Structure formats: structure tokens, C-alpha cells
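> Build the 3D model from these lines:
(chains A and B)
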Number of protein chains: 2
Amino acid sequence: MSDKVLLDYGSGGRASQRLISQLFLGHFGNDELNRLNDAAELSMSGRLAMSTDSFTVDPIFFPGGNIGSLAVHGTVNDVAMMGAIPRYMTCGYIIEEGLPMDDLEKIVEAMGEAVRHAGVSIVSGDTKVVPKGAVDKIFINTTGVGDIIVDPAPSGDAARSGDAVLISGTIGDHGLTILGTREGLEFEADVQSDSAALNHLLVKMVQELPEVHVMRDPTRGGLATTLNEITISSNVCCELQENDIPVRPEVKGGCSILGLDPLYLANEGKFICILPEEHAEKALEIMRADPLGQDACRIGTMTDANPGKVVLVTQLGGKRLLGMLEGEQLPRIC
Amino acid sequence: MSDKVLLDYGSGGRASQRLISQLFLGHFGNDELNRLNDAAELSMSGRLAMSTDSFTVDPIFFPGGNIGSLAVHGTVNDVAMMGAIPRYMTCGYIIEEGLPMDDLEKIVEAMGEAVRHAGVSIVSGDTKVVPKGAVDKIFINTTGVGDIIVDPAPSGDAARSGDAVLISGTIGDHGLTILGTREGLEFEADVQSDSAALNHLLVKMVQELPEVHVMRDPTRGGLATTLNEITISSNVCCELQENDIPVRPEVKGGCSILGLDPLYLANEGKFICILPEEHAEKALEIMRADPLGQDACRIGTMTDANPGKVVLVTQLGGKRLLGMLEGEQLPRIC
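Take a look at the predicted model:
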């Protein structure tokens, strides 16, 4: 194969077949994918979770991951937030003619590692190559399905007044990393994307605590926007304690320099967990027993004071309304 | 909302919410989508078909459809080719900043009509808006799931020597339409894309004739490439009668002018049906009873002469090997 991706590789013809057999099957191969039908045949039953996401992150390589691993983590997490075991995934590539083949291989390799780690199979795919200039390098869509193992499934409209609000770790890492990399800033070595597959931790959580009301990952729009969505859907008020929200000092520093608010920065390996007060300690124990949840902590409480609002109790004891992100703080963050 | 798509609309924040509630829910709304969770909760059981496709067609509007209707038809068809009833679909948009809002609305409206006609629900979605120049206008990914209703499901590796090879109608219409529109050629009024959802016809086919071995839509790479894939997977030889392959005279004419071979042009509303000889007449009856299959005919036979090859018996009685499309004849055809 050429050392650059050619239009031919997306033709559906012989060159496409070579790309599929030499690259994709090598990293993703499984019995179902290997059959190369137009659709995969899966065996599932009962209540399924299904979610889709298109990834357009710029740059495509960043500290802590690349667009390939991110595309797997994002969809695995969305499926698992429903109290589901992610099982199968599809993958659609849109590649710009001329992308170095080495870059594509690194991306595909990272996806292969990510799906194996998450225990998910890529069962169907699609590759389009578009002429130079019609897309910026590579965009990836992933769509996942999984088996929901709790009834009712956690849902954004299920938060109740009195519930504890937990976060599985520090916030802002992914957003700051992407923006910093894009702007060519050099951070301390330990600022990197938190991109990770949370499904094993999430499944453990709902298995041990089926009482969980909401699990949601604060991606685009960050913690503040995601909590706004939840308070609106559930018609409750979220009161957050600013002092308790975990942000790495390096992330705080980077945000000050760039004029960013970590509360609105995307995260790709964290989740918000909202559940009845009496189960909060147990939930924190479960989180902290997993490396991906070691910095978990309680950050607030749901109340019925101002339904649909998120209120931040500041370090000085004042109260500040945290609105939803209005517009675009950072395009192409994921 | 603005008359152009702004970066804000893909932010995940308030502007995104407005786009979702005012545009997408208006055209796609259903109980599951309206919940706006990260993933949809579906009830399905047994053997499922799952397929994904990203659509990058250029131009986005063309005679016979637009990128929205095409994105629905393409995935509905891929799922149904597995002998499945398509049920649910996800939809991921990647939109270029500045796309006229009217264009987006026309596309979304066409998708809404197409899913209603196909009997499918869009249950989860994702919208990214990328800066001007990072994508050409709009790309759409759709992923569909459906219930497989026959056992075994039709499959590309199931063709057998002696099977009849049928096509549901004329070939080359979509490919010629797209290329002609792109080049600014004016065709006769009746050259237009054949883009259509074939699921109702396909379901009827497998319900009445579960003996069908292969159903496959000859999209990218056209009839010749798709038959090559099947002969390779099934290790049989396909002998086609050139005289019997239906091509509209206008398409023939357009192909001559542009130097294209209709056998290699994409179709978006046709399917190849391969099944035991004794059921061929019945299959043709079923096809012809549906407006989408009214020009159905038999075009060839599977033999064991040259396994993995497609042989065209020409109008003069000669034999010509029809290879797989090697490279890219028409980028961004779907």
C-alpha cells in the first residue's frame, strides 16, 4: 500500500478491500467482522442501549490519546452510562486524501487496543476517502450497543431532591490538553487527556448499587453544562460546593493563563454519579477502588430550591448561578 | 436561530439544545429521542443486524434526493439485506460552519420523511459543527439495527453453483446522476438517483422466500464489484448475460458521453438477489409487484466454472472477465 491514503482506498473496489484486509481486520478482526457483509449479525436480547458520536478532534494526536482511542472511549462510555455492558460497535471513517498511512495505522491500532481493553467488538464499518480539502485529516463515527443490566436504567431525568452528587475524578484535563496542544503550549508532563473507557467501573457501580439515579459523562460543555441538562430534565436544583470540585493544580494554572473555566471544559474519562444520600459513601468506595475513580469525591447535593438551576457555593460562601454553556468555547474538542 | 449554522450549534451547550429541540426533534421526535439521554434504551431480542455508513456525497442536493434521504436509505437497505426488519437508527452530523440553515432544514426534513416511510425511528444523535474549511458542507453518519427474521440470514458467502442471479431494476442511475450534477450537465428529466428504502420489499421477499441465499445492494463499485465480492466470498463463478442487464437508454447515453461503465456505477435503490433456480420466477413476481422492483429481471447464473470470477457473456456471444473496480471511479458518490 502507498504511504499516503489514496482516494482509491475508499472506492469500495479492490484497493478498499486491501485496506480493509491488511489494516482494519488486522487490528479489529473477529468472526463477525471477517464475514464482510453489509451488516453484522448479532445475538442480543432484552433492553439495549444504543449511542452514536462523531469525532472531529483537532489535533488528531494529543497527550493521553488520539482520535481513535477517543472515538472508542466516547461511545463505550455513553452506552455504559445507561447501566449497560457495551458489546458491539460500528466504526465509520472519513479520511482526507493524502493522510499519511502511518497516522491512520496509529489511529486504527489505538482503536484496536481500546476495544480490546473495553471488551467490545467492532462488527461493522465503513471507510470513505474524500478529496484533499473536503475534510480536515480524519473524522471518525462510532456507534455502540450494549445490554442494559438494571431496571430502571439510570437516566438524566431521574435525579431527586436530596440526592448526593459525586464526580469520579478531576475535571478539565481533556479540554485543557486539547486546547493547549492546539495552541502549541508546553504543559507540565502530567497534563494530559483523561480519555478512558469507564465501562468496567460503571458496570460494577450499577451491579453493586442499582439504586443509582443518574450517570452521565461531562464531555462537551463540561461539568456545569451537563449538570444543567440533568437539573432541567429532572426538575431539581443542584447545589455544588466549589471547594470540593477536584481540579489538578496544573489544570487550574493552565486555565488561568488561557482564560478558561474548568467547569465548562470537556472531560473524556470522568462521570457524574447522582444517587440517594444513603448510598453515597458506598458509591465513593466503589469508585476509589478503581484507578479511574481514585480521585472520586462528593461535590454537591440535589435540592428543590431552584428547579432547573445549578448553584455554585463559592469558596467565600457566596452563591453563583452556573448557567449552561451558551455557545462554543472550544470547537473540535472531541 | 441564525440563517447560517454557527459553531455554537455544535457546542453541547444552550445553542445546541435549541438546534436539537427546534429542528431535530421537530422532524424526528419520538419518545426515546425526546428523553435526550446519552444513549437510547431499546427493546429488542434475538438476532440483530447492525450496519453503519458515512455519507459524503457531493453535491448534497441532486435529482431524486439529497444527502439526508440518501443517508437513511443507505443504512436501511444495508440492514434489510440481512433479512432484517430495520427498527432503529442513529444519526451523526458533521456540519461546516456557515452552512445555510435552510439547507440543513431541507436535509433534516428529507431524513424525517425517509425514516417515517421506512418505518424506522431515529433514537439517538450527535451534532458537531466544525470551523469553515474543516469539512465540505455536511457529512452524515447513520447506523441502523433491525430484527433478523430468517435463519440463516442471507449472506454474501451463501451463493451456490446453479443459483439464479436477479437484479431488482435498472442500474447506474444514481452514479450517473451524481456525476452529471457535479459536472453541471443537464440530463433528460427522467435521469435521477434511484435512492430509495427497499426494506418493505426485502422483508416481503424473505418472508415469502426464506430460501434466498444472498441479497446485496450494488452501491459503490456497482453491480460488477458487488458480484465480485460475492463470488469471492462464496467461491463460485457468476455468468452474466449482457443483453439482460437493464440500463435506461438515457443512462446508457450519459455513460457514453462521460466514458463511464454502468456496470461499475453506484446504485442506491436496487438489490441483487441470488437464490436457487427453482424459486427465481417467484422472486421476480414478488419484486415486480412492488414499484421499486417493477423492472426486475434475471441477469445471470452462478456456476462452478471459474470460482471467484464474474464473466460477462457479451451481446455478440463473447465472454469478458469483469474485474472488481480497482480504484476510485467517482469519489463522494454516496
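
> Show me the contact partners of stretch A:244-261.
For stretch A:244-261, the surrounding residues in contact (C-beta atoms under 8 Å, 6 or more residues apart in numbering or on different chains) are A:167, A:169-173, A:175-176, A:179-180, A:183, A:185, A:187-188, A:190-191, A:222-224, A:262-263, A:265, A:295, A:297-300, A:329. All C-beta spots, glycine's among them, are computed from the backbone N, C-alpha and C.

> Inside strands: which ones of those?
A:167, A:297-300 (DSSP state E).

> Make TSV from those residues and add distance to A:Val129, neighbour count and pLDDT to it.
Below are the ones in strands among the contacts of stretch A:244-261 laid out as TSV (distance: C-beta to C-beta, whole Å; neighbours: other C-beta atoms under 10 Å in any protein chain shown; pLDDT from 0 to 100):
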residue	distance to A:Val129	neighbour count	pLDDT
A:Ile167	40	26	98
A:Cys297	46	17	98
A:Arg298	48	17	98
A:Ile299	45	23	98
A:Gly300	47	25	98
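
> From these, pick the one nearest chain B.
A:Ile167 (16.2 Å; C-beta to the nearest C-beta).

> quick one, what contacts the closest one?
Per C-beta under 8 Å, 6+ apart, neighbours of A:Ile167: A:218, A:223, A:245-246, A:270-273, A:296-297, A:299.

> How about it: which residues does it bridge to?
A:Ile272, A:Cys297 (DSSP bridges).

> Okay, strands next: where are they in the stretch 51-200 of chain A?
Here the stretch 51-200 of chain A has its strands, by DSSP state E, counting those that start in this stretch, at A:61-62, A:65-66, A:84-96, A:121-130, A:138-148, A:163-167.

> Next, the angle from the third one to strand B:138-148.
By that I understand strand A:84-96. Per axes from the mean of the first three to the mean of the last three C-alpha atoms, to 10 degrees, the angle that strand A:84-96 makes with strand B:138-148 is 140 degrees.

> hmm, strand A:84-96 in reach of chain B?
Yes. Applying C-beta under 8 Å from any C-beta of the partner chain, one finds strand A:84-96 in contact with chain B at A:84, A:88, A:90-94.

> measure A:Asn141 to chain B for me?
As judged by C-beta to the nearest C-beta, to the nearest Å, A:Asn141 and chain B stand 4 Å apart.

> Look up which residues are beta-bridged to that residue.
A:Ser54, A:Gly92.

> Next up, the contacts around it.
Contacts of A:Asn141 (C-beta under 8 Å, 6+ apart): A:52-55, A:71, A:90-92, A:94, B:52, B:54, B:92, B:141, B:143.

> what does A:Pro154 give?
Per C-beta under 8 Å, 6+ apart, neighbours of A:Pro154: A:81-83, A:206, A:212-215.

> about what we covered before: next, format the strands of the stretch 51-200 of chain A as JSON lines and append distance to B:Asp38.
Formatted as JSON lines, the strands of the stretch 51-200 of chain A follow (distance: least, C-beta to C-beta, whole Å):
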{"stretch": "strand A:61-62", "distance to B:Asp38": "23"}
{"stretch": "strand A:65-66", "distance to B:Asp38": "20"}
{"stretch": "strand A:84-96", "distance to B:Asp38": "11"}
{"stretch": "strand A:121-130", "distance to B:Asp38": "20"}
{"stretch": "strand A:138-148", "distance to B:Asp38": "11"}
{"stretch": "strand A:163-167", "distance to B:Asp38": "16"}
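
> Pick the most deeply packed of these.
strand A:138-148 (a mean of 28; mean count of other C-beta atoms under 10 Å in any protein chain shown).

> In helices, which of the contacts of A:Pro154 fall?
Among those, the residues falling in helices (DSSP state H) are A:Val206.

> From the contacts of A:Pro154, list just the buried residues.
A:81-83, A:206, A:212-215 (16 or more other C-beta atoms under 10 Å in any protein chain shown).
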